[in-house]
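Visitor: structure of the sequence below:
(chains A, B, C and D)
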Protein chains: 2
Amino acid sequence: MKEHSPALSPAERYIGIGELARESGCKPETVRYYERIGLLPSAPRNEGNQRRYTASAVRRLTFIRHARDFGFSVEAVRELLQMADYPAMPCEEVDTLAKHHLAEVEARLARLTAVRDELQRMINQCAGGNIGQCHIIDVLSDHRLCHQAGPHGGADVIG
Amino acid sequence: MKEHSPALSPAERYIGIGELARESGCKPETVRYYERIGLLPSAPRNEGNQRRYTASAVRRLTFIRHARDFGFSVEAVRELLQMADYPAMPCEEVDTLAKHHLAEVEARLARLTAVRDELQRMINQCAGGNIGQCHIIDVLSDHRLCHQAGPHGGADVIG
DNA sequence: CTTGAACCTCTAGTCGCTACAGGTATTACG
DNA sequence: CGTAATACCTGTAGCGACTAGAGGTTCAAG
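Guide: As a prediction, the model looks like this:
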């Protein structure tokens, strides 16, 4: 017996973790990871203990990957998935989550833009002499040479 | 004996890790971490085994923090520090490092901008009904609804 | 001399995967 | 049918750059 269930419609065709991963743009390890942390339900297994997936798993995983690509955290994706599971609910919460995320993205953009401008200034002002005269090292050594108002915001907050 | 060395000039005054951290804008834990990974040299200790720092440590740590604020990786900072230690060397390498980093920042900016635009579009098109009709969920479910050319680039690459 | 803040080391946790190691299952070919 | 390549399994450890906590010591002020 190759598959767990007999007589499947084409729409219910089972695929392995590799094909699922290919179709949704991630790696098998990541799929198993998502299962472990509960983003994907535990997949049914065939007789040889290998995970079998249907088209609905492809859809769910595609949703996850896409939301992750947009920069939503795994926890946010978890909430989005819960919401997506109840199509009759008002979409207010989805909207709120998306707006909150947009605000974060805009904040990061602002910081990153400031950093880019400052980096450009640093580089443009480097006359190409030796390190002792190098404007880049100067700026890094002394925040006052920086055109920013305050601190840039901490490394983790930049990216 | 309170301090390790007698008769210090005011410029050589010793401070503790807390004051160093305050003056350079990070936490004592981070200072110890930087020492552990070799960004800061092992600090001399007083008789009670506590780290004592001079103004040069403040300068070095400020340099580190500032470079990190600009988004340079710890490894890049390590290289910058080495270069800064040799002021007579040509600043070509510093320039290259900075330019390379600028290119990365610009790439991130481009991706983040694309994400912001798409998020804005998603949110604007949400009519406020229920989740079944929600454009945000639609876009996340189906990449074809996205105005992007290709994939956004993977979550880690966004920030 | 006592109290409380600051300091010490060591370990483990964060986030979102990714990469092994060491084994089993499936599949394609001859 | 046998074999070899590939895909899959579990479990654990690693990445980067810290951060947090436990459990203890030292310092500085009153």
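Visitor: okay, and the residue nearest to A:Q120 when sequence neighbours are not counted sits in which element?
Guide: Nearest-residue entry for A:Q120: B:L102, 6.6 Å, with adjacent residues in sequence omitted and distances by C-beta to C-beta, 6 or more residues apart in numbering or on different chains. C-beta coordinates here come from the backbone N, C-alpha and C atoms, glycine included. If you go by DSSP states H and E, B:L102 is part of helix B:92-124.
Visitor: which residues touch the residue nearest to A:Q120?
Guide: Contacts were defined as C-beta atoms under 8 Å, 6 or more residues apart in numbering or on different chains; by that measure B:L102 touches A:R116, A:L119, A:Q120, A:I123.
Visitor: A:Q50 now?
Guide: A:G16, A:I17.
Visitor: residues near the closest residue to DNA strand D within chain A, how many?
Guide: When distances are taken as C-beta to the nearest atom of the strand, chain A reaches nearest to DNA strand D at A:G18, 2.2 Å away. Residues lying near A:G18 (other C-beta atoms under 10 Å in any protein chain shown) number 11.
Visitor: which secondary structure elements does the helix or strand hosting it sit against?
Guide: A:G18 is part of helix A:17-24 when elements are defined by DSSP H and E. For helix A:17-24, the elements it packs on are helix A:28-36, helix A:55-69, judged by 3 or more C-beta pairs under 8 Å, 6 or more residues apart in numbering or on different chains; DSSP states H and E.
Visitor: how about JSON lines for these, with distance to B:L40, mean pLDDT and mean neighbour count added?
Guide: Shown next, in JSON lines, are those (distance: least, C-beta to C-beta, whole Å; pLDDT from 0 to 100; neighbours: other C-beta atoms under 10 Å in any protein chain shown):
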{"stretch": "helix A:28-36", "distance to B:L40": "35", "mean pLDDT": "97", "mean neighbour count": "15"}
{"stretch": "helix A:55-69", "distance to B:L40": "36", "mean pLDDT": "95", "mean neighbour count": "20"}
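Visitor: and of those, who's closest to chain B?
Guide: Put simply, out of the helices and strands packed on helix A:17-24 the one that sits nearest chain B is helix A:55-69, at 4.1 Å, with distance taken as C-beta to the nearest C-beta.
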